Every structure is written in structure tokens, then in C-alpha cells.
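> Mind folding the following:
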Amino acid sequence: MFVFNETCRATDCEPGVTRKVLCYSEELMMCEITFEKGAQGNFHSHAHRQITYVAEGIFSFTIGEETKVVKKGDSVYMPADVRHGVTCLEAGKLVDVFCPMRQEFLR
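All right, here's what the predicted structure looks like:
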């Protein structure tokens, strides 16, 4: 029922990007993603719906054909199977919520 950030292990994603799996159930998962300035979340798509909250920093998100710059306090929705990617413009952290959970993140 409770997960403490300091007990979560960060795993490497793309260069300059790490991910912590915070809480999850079969239906839902929340992750903290830390980016160095200039790091990228490479373009991809997945069957999961995703909502991202910008906890720190400034990011350029592309979802489908649309690109917007978002900053601390903003949020973004990625529908299932829509291609998306992100570039970090100012070092920061994102909080990603997936429905259903991302089983591959637990390996």
C-alpha cells in the first residue's frame, strides 16, 4: 500500500534517462523518470494509455503529429498506440501513469 521513493531502484533507459517504478497493480502503474538536459525519450508507441505529469524541468513532447513545450505543473496524455517521444530542454522529472501496468518494466 505504501512505496517509499528511497527504496525504489533506478534503472537506465536511454542515455541520460533513468526510471523508478513506484507503485503498481495489474490495472495501473506509476513511474518517476529523471532526465538530464538534452536527453531524449525515443519515439515509440505502446498499447497502454499514459498520462505524464511534469514534476520538474521543461520538455518538448511530440504526440502523433503535434509538438508542444511543457513545464513543471503541466500534464500530457498519450492515447494507446499513438507514437510519441520527448526531449528534455531543462533537466527534470516526469511522473508517468500507465493503464494497464507495464509488465516489461518489472524485469
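
> for the residue positioned nearest the centre of the chain, what are its contacts?
For the chain, Asp96 is the residue whose C-alpha lies nearest the centre (Cα atoms, centre = their mean; 4.1 Å). Counting by Cβ atoms under 8 Å, 6 or more residues apart in numbering, Asp96 touches Met30, Cys31, Glu32, Ile33, Gln50, Ile51, Thr52. In short, each C-beta sits where N, CA and C put it, glycine included.

> again, 6 Å this time
Counting by Cβ atoms under 6 Å, 6 or more residues apart in numbering, Asp96 makes contact with Cys31, Ile33, Thr52.

> And the pLDDT for Met1?
What the model reports for Met1 is a pLDDT of 86.

> ok, what's across the strand from the residue nearest to the centre of the chain?
For Asp96, the beta-bridge partners are Cys31, Thr52 (DSSP bridges).

> cool, Gly85 as well?
Bridge pairing for Gly85 (DSSP bridges) gives the partners Thr62.

> That one and Thr52 touch, don't they?
No - in this structure, Gly85 is not within contact of Thr52 by Cβ atoms under 6 Å, at 11.9 Å.

> Which of these two has more residues huddled nearby?
Under the criterion of other Cβ atoms under 10 Å, the comparison of Gly85 against Thr52 puts Thr52 first, with 24 against 16.

> Please report how far that one lies from Phe2.
Distance, Thr52 to Phe2, by Cβ to Cβ, to the nearest Å: 23 Å.

> quick one, what contacts Val70?
By Cβ under 6 Å, 6+ apart, the contact set of Val70 is Val54, Phe59, Phe61.
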